[in-house]
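Student: I'd like to go over a predicted model; first the sequence, then the structure.
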Amino acid sequence: MVAPGTAPRVREVVEAAVTGAGLLLDDLEVARSGGRTVVRVVVDLAEDDPGALDLDRVGDVTQVVSDALDAVDVVPGVYTLEVGSPGAERPLTAARHWRRALGRTVVVRTVDGRTVTGRLDDVAAGDAPAVVVVPVTVPGKGRRPVEGAPVTLAWQDVRDARVQVDLAAVRDDESDEDAGRHDAGAVRG
């Protein structure tokens, strides 16, 4: 078991280190696994950060957090540090999560049991914003997606939501690139 009072102090140290590195602390867990403590840190970009949370930034913040924890010696004994991002299909639990997902495909379950899947088109200002989702349906293989009328959802009407990875867009980009390569090859004489 992790010593009582350890987790809040670890949070203070980790949050200061992450913030100092220009990122946000999204989640923190301090737990026991076998005979050691595991510190799991999830970092995210600030709402106004136009950059990407790539492996280099995660690696940099991992070093900063490790140095901060070692300097203060807040975790007794041997520990394992795991630092990562919220992931591609992150849950949307805070207004800043929604704002960073603008333009992405989301799946929203409402408190009345409906599910709305589509492109996140707008997020109002504030900590509990209304969101606008444009439903998108794919009628079948080889057919273009069809957009429906925008759906405005009040914050209190959303049970849960998450970003959905849109692999169709990746396939479309790849097929466009392949088509360009094939066309270029056909021009050779």
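Tutor: Yep, that arrived.
Student: quick one, helices of this protein?
Tutor: If you assign secondary structure with DSSP state H, the helices in the chain sit at 6-20, 55-72, 95-100, 167-187.
Student: What angle do helix 6-20 and the second one make with each other?
Tutor: Read it as helix 55-72. 130 degrees (axes from the mean of the first three to the mean of the last three CA atoms, to 10 degrees).
Student: buried sites along helix 55-72?
Tutor: Within helix 55-72, the residues scored as buried using 16 or more other CB atoms under 10 Å are 57, 61-62, 64-65, 68-69. No exception for glycine: its C-beta is placed from N, CA and C like everyone else's.
Student: Ok, the first one next?
Tutor: Residues of helix 6-20 classed as buried: 6-7, 10-11, 13-15, 17-18 (neighbour count, 16+ other CB under 10 Å).
Student: Could you export those as CSV, including distance to residue 157 and pLDDT?
Tutor: Below are the buried residues of helix 6-20 laid out as CSV (distance: CB to CB, whole Å; pLDDT from 0 to 100):
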residue, distance to residue 157, pLDDT
6, 39, 75
7, 33, 85
10, 36, 95
11, 32, 95
13, 38, 96
14, 34, 97
15, 31, 96
17, 37, 97
18, 32, 96
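Student: Can you lay out those as CSV showing distance to residue 93?
Tutor: Formatted as CSV, the entries for these read as follows, by distance: CB to CB, whole Å:
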residue, distance to residue 93
6, 25
7, 20
10, 22
11, 18
13, 24
14, 19
15, 18
17, 23
18, 18
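Student: Residue 30 and residue 39 touch, don't they?
Tutor: Yes. Using CB atoms under 8 Å, residue 30 is in contact with residue 39, at 5.5 Å.
Student: more neighbours, these two?
Tutor: Here residue 30 and residue 39 are compared on neighbour count by other CB atoms under 10 Å; more neighbours surround residue 39, at 25 against 21.
Student: thinking that one is in contact with residue 10, fair?
Tutor: Yes. Between residue 39 and residue 10 there is a contact under CB under 8 Å: 6.2 Å.
Student: residues shared between the contacts of those two?
Tutor: Residues touching both residue 39 and residue 10 by CB atoms under 8 Å, 6 or more residues apart in numbering: 28, 30, 69, 75.
Student: Between those residues, which sits nearest residue 148?
Tutor: When these are ranked by distance to residue 148 (CB to CB), residue 28 comes first, at 39.2 Å.
Student: Perfect, I'm done here.
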